[in-house]
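Trainee: Here is the input, now give the coordinates:
(one chain, ligands or ions: 2)
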Amino acid sequence: MSIIKTQTTFQFTSNKTSIFESTVNRTTLKNKSDILVIGAGVAGLTFAIKMAEKRPDVSITVLTKTHEGESNTRYAQGGVAAVWNHQQDNFKKHIEDTLDAGDGLCDEEVVAMVIEEGPKMVQEIIEWGTRFDKGKEGSYDLGMEGGHSENRILHYKDLTGWEIQRSLVAKVKTFNNITFLQHYFALDLITQHHLGRNKTRLNNDIECYGAYALNKESKEIETFLAKQTVLCTGGAGQIYKSTTNPVIASGDGMAMVYRAKGRLANMEFIQFHPTSLYNPAGENPSFLVSEAVRGFGAILKTSDGKEFMQKYDERLSLAPRDIVARAIDKEMKERGDDFVLLDCTHIDKEAFYNHFPTIYDKCMSIGIDPMIDLIPVVPACHYVCGGVLVDKMGNTSIKNLYSAGECTCSGLHGANRLASNSLLEGLVYGNNISIEIAKNIDGTSIQEGIPDWNAKGTTEPKELVLMTQSQKELKEIMSAYVGIVRTEVRLKRAMDRLWLLYNETEMLYSDSVVSPQICELRNLITIGYLVSKAAQFRNESRGLHFNTDYPEKYDYLETTLL
Ligand code: FAD
Ligand code: SIN
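Mentor: Ligands and ions are numbered 1, 2, ... in the order given. Sure thing, here's the model as predicted:
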């Protein structure tokens, strides 16, 4: 049985994104293109390339809020999971592993679709110039990660994401019909609400006409109008104190959709990666020690040098992430330790260095020799399994708005993402959206008469310190009360604190000239709220959501809709 909870009213939202209610600033430029893509990681770039190939006659504008090389994609270490060695592996096994990790909440049709389409997309990016490591005999060297029953991770050393970002950016630049704009910060979607019609799961009777974006160099806010908008803005790890995500991961796209009254789902499922490098200096982001290191033989131990994973799962250090992260959290709390240890000392040095040069060098840079010392590691926020609700073709609940990648909830990951399935998801959904848009782009037109962003009455913020402090507070709240282990009292406390932060920030926002800093803060607070609220809704423990007041699983399944 599938029961859906809905949250229709949210006191933390503003209606600024409706074109009739827009309070806005100063716009100097109206940019028009057939398709606007917000985000230039694996999902956005794959979409742009596939679309440009299919329809050289349509114009595509891609925005990134930072430079072309920066994204979550760029930091991916382990690799891309895909069934490659058909003598050993098959789709059924990869599907079963994904469903098992997802703890009953995956959409089985979506899982089958992504896993069966995935290898074709991996083959395409190889043809576009992406390199993956090969073994001595010339076939791809397939790595192992937690929750996988076979070696199926294609990788480029421990820099797979960097290599994918590099090759996709290079490919995008070969198309004349793609305009790639760096340092453009999308502020809000431009939407029109058709009130009074019926709402369904994926139809809120809202239409999207593009987005307002801040040109970070000129400081002007520009209006980007498009027939179709594709949102690929990535994750939101920066809501936590300790995260593997770069500082740009502030959930902007998810928050924009929420403000536009679109549907999000399953926001309570936040994946904590079990092994980020322990660094008392509190680096942001935390450096990741890839799960592929455990796939290569490394073993988790407590500070007294004893293995502990046998107490939790027969797959030991290679159990799915939710299980390993919770086990580490428990061991650390029971022992009063600040970290656990990853033992790589039995691994051949040359092989380790060839596979993990970045991890080796990083450890050495802080005085840890992985071949001699055990590496101190702690769980850190890594991935948001929920997000903008999409169907198999990337349609959102807002007409003419599509979405792909980490900012979405597609049904692939369920309650816990299987390692290395997200790059695959970005590739497959980027392609699917290009198929969908190619079918319907000719039937849509650009909306005229959109008002400019209105900056009336806003001034440069005098109290920058307030923004910095609010962001710190948000991270403290989320880490203390909405972490790996949750309780009702902690969640209630988080909601009360977030309400205060929300009100203070909205006041600051309405008086301030728009800046990336105030917008990211506002978006992060919205995401913090959505994660906490969704966690309050789920009165059970499943996958990444563990609430000691509800330690059992329901016998029926449910998606949390927001
Ligand atoms: P991203 O790659 O994050 O791209 C988002 C884009 O949106 C960026 O260009 C950003 O600038 C832009 N953007 C965001 N907000 C705005 C805005 N307001 N205006 C304009 N532009 C905006 N997954 C795997 O499958 N395998 C792995 O081995 C793996 N390792 C990982 C290691 C690390 C350290 C991390 C952090 C993640 C890892 N992941 C891995 C997860 C995976 O990298 C991401 O889920 C995936 O790359 C997300 O891709 P994306 O295209 O959705 O978003
Ligand atoms: C890792 O290399 O451990 C990250 C893999 C992932 O997040 O999918």
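
Trainee: List the buried residues for stretch 224-232?
Mentor: Using 16 or more other C-beta atoms under 10 Å as the test for burial, stretch 224-232 gives Phe224, Leu225, Ala226, Lys227, Gln228, Thr229, Val230, Leu231, Cys232. For the C-beta atoms, the positions are set from N, CA and C on the backbone; glycine is no exception.

Trainee: wait, which of those residues is closest to Asn72?
Mentor: Each of the buried residues of stretch 224-232 was checked against Asn72 using C-beta to C-beta; the closest is Cys232, at 10.7 Å.

Trainee: my read: the closest one touches Leu401, true?
Mentor: No. Judged on C-beta atoms under 8 Å, Cys232 makes no contact with Leu401 at a distance of 11.5 Å.

Trainee: What's the biggest helix in the chain, counting residues?
Mentor: Scanning the chain for the longest helix, with DSSP state H as the assignment, gives helix 488-511.

Trainee: Packing partners of it?
Mentor: helix 464-481, helix 516-537 (3 or more C-beta pairs under 8 Å, 6 or more residues apart in numbering; DSSP states H and E).

Trainee: Just name the most buried of those helices.
Mentor: With neighbours taken as mean count of other C-beta atoms under 10 Å, those reach their highest mean count in helix 516-537, at a mean of 23.

Trainee: C-alpha coordinates for the helix or strand just after that helix, CSV please?
Mentor: Later in the chain than helix 516-537, the nearest helix or strand by DSSP states H and E is strand 557-560. Taking C-alpha atoms only, strand 557-560 is exported to CSV below (Å, rounded to 0.1, in the frame of the first residue of the first chain):
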residue,chain,number,x,y,z
LEU,A,557,5.6,2.2,2.4
GLU,A,558,5.2,5.8,2.0
THR,A,559,6.8,8.7,0.2
THR,A,560,7.0,12.0,2.2
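
Trainee: Which neighbours in the sheet does strand 557-560 have, and how are they oriented?
Mentor: Taking DSSP bridges as the criterion, strand 557-560 sits next to strand 2-5 (parallel) in its sheet.

Trainee: Nearest residue to the residue in the stretch 51-200 of the chain positioned nearest to ligand 2 in space, please, no chain neighbours.
Mentor: Nearest to ligand 2, among the residues of the stretch 51-200 of the chain, is Gly78, at 2.7 Å (C-beta to the nearest ligand atom). Nearest-residue entry for Gly78: Ala292, 4.4 Å, with adjacent residues in sequence omitted and distances by C-beta to C-beta, 6 or more residues apart in numbering.

Trainee: Doesn't the one you found belong to a strand?
Mentor: No. Secondary structure of Ala292 (DSSP: H, G, I helix; E, B strand; the rest coil): helix, not part of a strand.

Trainee: quick one: low-confidence parts of this structure?
Mentor: 1-28, 195-201, 203-204, 555-557 (pLDDT under 70).

Trainee: What residues does the stretch 301-450 of the chain have near ligand 1?
Mentor: Tyr383, Gly405, Glu406, Cys407, Ser420, Asn421, Ser422, Leu423, Gly426 (C-beta under 6 Å from any ligand atom).

Trainee: nearest to Gly102, of the residues you listed?
Mentor: Nearest member of those to Gly102, counting by C-beta to C-beta, is Asn421, at 9.5 Å.

Trainee: Spatially nearest residue to the closest one (excluding sequence neighbours)?
Mentor: In this structure, Asn421 finds its nearest non-sequential neighbour in Ala81, 5.3 Å apart by C-beta to C-beta, 6+ apart.

Trainee: Tell me where the stretch 251-400 of the chain has strands.
Mentor: Under the criterion DSSP state E, counting those that start in this stretch, the stretch 251-400 of the chain contains strands at 264-265, 270-277, 299-301, 340-343, 375-384, 387-389.

Trainee: Redo those as a markdown table? Include distance to ligand 2 and mean neighbour count.
Mentor: Formatted as a markdown table, the strands of the stretch 251-400 of the chain follow (distance: least, C-beta to the nearest ligand atom, whole Å; neighbours: other C-beta atoms under 10 Å):
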| stretch | distance to ligand 2 | mean neighbour count |
| --- | --- | --- |
| strand 264-265 | 20 | 24 |
| strand 270-277 | 6 | 26 |
| strand 299-301 | 13 | 20 |
| strand 340-343 | 12 | 22 |
| strand 375-384 | 6 | 26 |
| strand 387-389 | 16 | 27 |
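
Trainee: Next, format the ones you listed as TSV and append distance to Phe132.
Mentor: Formatted as TSV, the strands of the stretch 251-400 of the chain follow (distance: least, C-beta to C-beta, whole Å):
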stretch	distance to Phe132
strand 264-265	32
strand 270-277	22
strand 299-301	26
strand 340-343	25
strand 375-384	22
strand 387-389	27
